[in-house]
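**Student:** fold the following.
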Amino acid sequence: LKSFSEAITLGNGSTMADSAAVMSQKFALSSAAAAIAESSTFPLDLTKIRMQTANMYAASNQPLTRPSMLGTAYGIVANEGILALWQGLAPAVTRHVFYSGTDKLSFAEQPSCPKCMCFKASE
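**Tutor:** You can find the predicted model right below:
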């Protein structure tokens, strides 16, 4: 025997080592997808938050303004630089990487229980 996990054959003919490889691949791919998605949409989220808080520090005697999405994004780039649109990206990506990876593993069909009646409708 090469290892204990290779000796245990699951109901569908695969081994526990095969199952672990599939699960780690699912985790890696879903984490990568989440990181790419968060990185591409983060500037929109940052702009939305800046729009929501735009009048928070305005003087009480000034009328409220309604900034536009493009105007807010332009103001961020003009005043802080283009990279400011991705400021704070690391914590957001870290959150999504662990959440998405764990989410896919938690709700995926597990090959270790092929004949499980847990989620099948009763006859």
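**Student:** after the strand or helix carrying Val77, which helix or strand is next?
**Tutor:** Val77 is part of helix 69-80 when elements are defined by DSSP states H and E. Reading on from helix 69-80 to the C-terminus, the next helix or strand found by DSSP H and E is helix 89-107.
**Student:** let me know the average pLDDT across the helix ranked longest in the chain.
**Tutor:** Across the chain, the helix with the greatest residue count (assigned by DSSP state H) is helix 16-52. For helix 16-52, mean pLDDT is 86.
**Student:** for it, packing partners?
**Tutor:** Judged by 3 or more CB pairs under 8 Å, 6 or more residues apart in numbering; DSSP states H and E, the packing partners of helix 16-52 are helix 4-7, helix 69-80, helix 89-107. All C-beta atoms are positioned from the backbone trio N, CA, C, and that covers glycine.
**Student:** out of those helices, which is closest to Lys26?
**Tutor:** Taking CB to CB, helix 89-107 is the member of the helices and strands packed on helix 16-52 nearest to Lys26, at 5.3 Å.
**Student:** show residues contacting that closest one.
**Tutor:** 23, 26-28, 30-31, 33-35, 37-39, 42, 45 (CB atoms under 8 Å, 6 or more residues apart in numbering).
**Student:** is it correct that Ile76 is in contact with Trp86?
**Tutor:** No - the pair Ile76 / Trp86 is not scored as a contact, 10.6 Å apart, by CB atoms under 8 Å.
**Student:** what is in contact with these two at once?
**Tutor:** A shared contact of Ile76 and Trp86, defined by CB under 8 Å, 6+ apart, is any residue touching both; here these are Leu46.
**Student:** more neighbours: these two, which one.
**Tutor:** Neighbour comparison, Ile76 and Trp86: the larger count goes to Ile76, with 18 against 13 (by other CB atoms under 10 Å).
**Student:** contacts only, for that one.
**Tutor:** When the contact criterion is CB under 8 Å, 6+ apart, the partners of Ile76 are 46-47, 50, 84-85.
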